[in-house]
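Next input, structure requested:
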Amino acid sequence: MAEPRRGLAVWIATSAGAGYFPIAPGTAGSTVGVLIVAGLERLPLQVAWQMALIGIIAAGLFAAGVWAAGEAEKFFGRIDPGQVVIDEVVGQMVTLLARPRASWMWLLAGFLLFRAFDIIKPFPARRAERLRGGWGIMVDDGIAGIYGLVVMVVAGFVLR
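Next comes the predicted model:
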């Protein structure tokens, strides 16, 4: 593989370098996800369009992340290297998908929920880690993001 492609893969996998944060790089990746969602929420779009845009971007980052994370494993020479945080970016975006125009409290709640589910890895997330290459890296955080999304939706209904 040509070095420029591998460089692009590592850049994507580390979320433009956030994965090199010396303390808790996964938390840094989740922060990038929150910042992306918060930035998209500022666009002058109806809520449904904001949700769709967040979902489309998350899906695109997921697809790119599968490739990039697999290449990053080769670059770093180990399975699921800590510098790969594109999975946290995507999982965090999934958790916040149903809360466009969220207050800082909802963003913080979504952040904490996703981090908890990412660490706990409820079924089938832990099993998904066994998938080969970038799939294992990305799918488990996607599942954690779905768990976070469900809790955010339920909390939204309960707290209305």
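
Could you name the helices and strands sitting against the worst-scoring helix or strand of the chain on mean pLDDT?
None of the helices or strands of the chain scores lower by mean pLDDT, DSSP states H and E than helix 3-13, at a mean of 85. With contacts defined as 3 or more Cβ pairs under 8 Å, 6 or more residues apart in numbering; DSSP states H and E, helix 3-13 has these neighbours: helix 47-76. Placement of C-beta: from N, CA and C, glycine included.

Buried residues, the helix it packs on. List them.
For helix 47-76, a neighbour-count test (16 or more other Cβ atoms under 10 Å) marks 50-51, 53-54, 57-58, 61-62, 64-73, 75-76 as buried.

which strands and helices sit next to the helix or strand hosting residue 142?
Under the criterion of DSSP states H and E, residue 142 resides in helix 134-158. Applying 3+ Cβ pairs under 8 Å, 6+ apart, we find helix 134-158 packed against helix 47-76, helix 86-95, helix 104-120, helix 125-128.

Could you list the low-pLDDT ranges of this structure?
Within the chain, the stretches with pLDDT under 70 are 1-5.

if we can go back for a sec, now the least confident helix or strand of the chain, how far from the centre of its chain.
Centre-to-centre, helix 3-13 and its host chain are 18 Å apart (Cα atoms, centre = their mean, to the nearest Å).

Any chance you could list what contacts whichever helix or strand comes after that helix?
Following helix 3-13 in sequence order, the next helix or strand is helix 25-41 (DSSP H and E). With Cβ atoms under 8 Å, 6 or more residues apart in numbering as the test, helix 25-41 has contacts from 15-16, 18-19, 21, 50, 53-54, 57, 82-83, 85-93, 96, 100-102, 107, 110-111, 114-115, 118.
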